Structure formats: structure tokens, C-alpha cells
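**Q** Just to be clear, the model below is a prediction. Sequence and coordinates:
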Amino acid sequence: MPQRTWVHWLLEALAAAAVLTVIALIGIHWGSLPERIPTHFNAAGEPNGWGPRNMLLILGGVAVGLYIVLSVAARAQRFVNVPFQLRRDDPHVQAEMLSMVIMVKTVTLVQLAWTIWRNIQTAQGHAEGLGPWFLPIYLTCLFLPLAYHLARLWRYRID
């Protein structure tokens, strides 16, 4: 297993903080939420589906589950798929895969925390959805670093 850098630990702390934020947001606002909340948003970030507030509990469970699964994947990298064959026993590959999984975990959990916060704000009438910049920012924050890591892994592919 490769050594974690200070950047890895910083991203791990951010991911853990996002999960704790999700749990805190749901717990703090549960009593003040209406029975129906937004459950889906279109590409412009506007709510276009509504359902019971219990959906927030599912999203909270998803956040905890993602944190656990991606933490395991960072250690058991054989479970991480990439679109080409790799020499997975190479220490450089293991280090790059670790960085990639930690980055995906952090971006995804921060996005989920933002989504839940805006969901609560929208349900309470304080916001009108996720905002038009949510999807482009999230996709950029996810796919640019992912492309970077995959490009770095490409040189360790098995032909």
C-alpha cells in the first residue's frame, strides 16, 4: 500500500467532513422540513420531482455507504475499474490509483452534501434548487482530475 501524502489526508478529512455535514444537516433540519421535498433536479438545477422527506434519510445512507465503499476501494484497488489493463502490482500504479479514488470520493461526497443542503433550502422555501452552475461545476471537478489520473495511469497499461 502506498504512503498517503498530506494532500491525501486533507482530501480524506474533507470527505469525512462532508459525510458528517450530511448527517448534521438532516438531523438539524428534520423537524422543520415539510412532508414533501424535492427529490430530483433537472440539468438547470431546478426541482422537477417531489417526494417524501424520508428520501433525505436514503441520501444520508448513500453518503455513508459511498464513504465506506470508496475507502475500501482505496485499499483494495482490485475493485477499481479503469478502461484498460494495468500492472496493478506496480507501486506507481498503486499510488496513482489511491490518489484517484480519494479524489473521486471527496468530490462526490462534497457534491452530495451540497445537494442535500440545497435540497433542504429549497424545501423550506429559501432557495430555488441547486442553481444553474451546479452541474457544470460538479462535472468539471469530477472529470478533469479523473482524466488527469487516467492519463497518468495510461503509461502503465498492459498492451
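**A** Thanks, I have it. Numbering: from 1, shown residues only.
**Q** From here on, just use CA atoms for contacts and neighbour counts.
**A** OK.
**Q** Endpoint to endpoint, stretch 42-51 covers what distance?
**A** 15 Å (Cα to Cα, to the nearest Å).
**Q** now stretch 82-92
**A** So stretch 82-92: terminal residues 15 Å apart, Cα to Cα.
**Q** tell me which residues in it are buried?
**A** Leu86 (16 or more other Cα atoms under 10 Å).
**Q** what helices or strands is the helix or strand containing Glu12 leaning on?
**A** Here Glu12 is covered by helix 6-29, with elements defined by DSSP states H and E. Counting by 3 or more Cα pairs under 8 Å, 6 or more residues apart in numbering; DSSP states H and E, the packing neighbours recorded for helix 6-29 are helix 55-75, helix 91-123.
**Q** Can I get these in TSV including mean pLDDT?
**A** As requested, those are arranged in TSV below (pLDDT from 0 to 100):
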stretch	mean pLDDT
helix 55-75	96
helix 91-123	96
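**Q** so which of these comes closest to Arg157?
**A** helix 91-123 (9.3 Å; Cα to Cα).
**Q** now the helix or strand following that closest one against helix 91-123, angle please.
**A** Beyond helix 91-123 in the direction of the C-terminus, DSSP H and E gives the next helix or strand as helix 134-154. In terms of direction (axes from the mean of the first three to the mean of the last three Cα atoms, to 10 degrees), helix 134-154 departs from helix 91-123 by 170 degrees.
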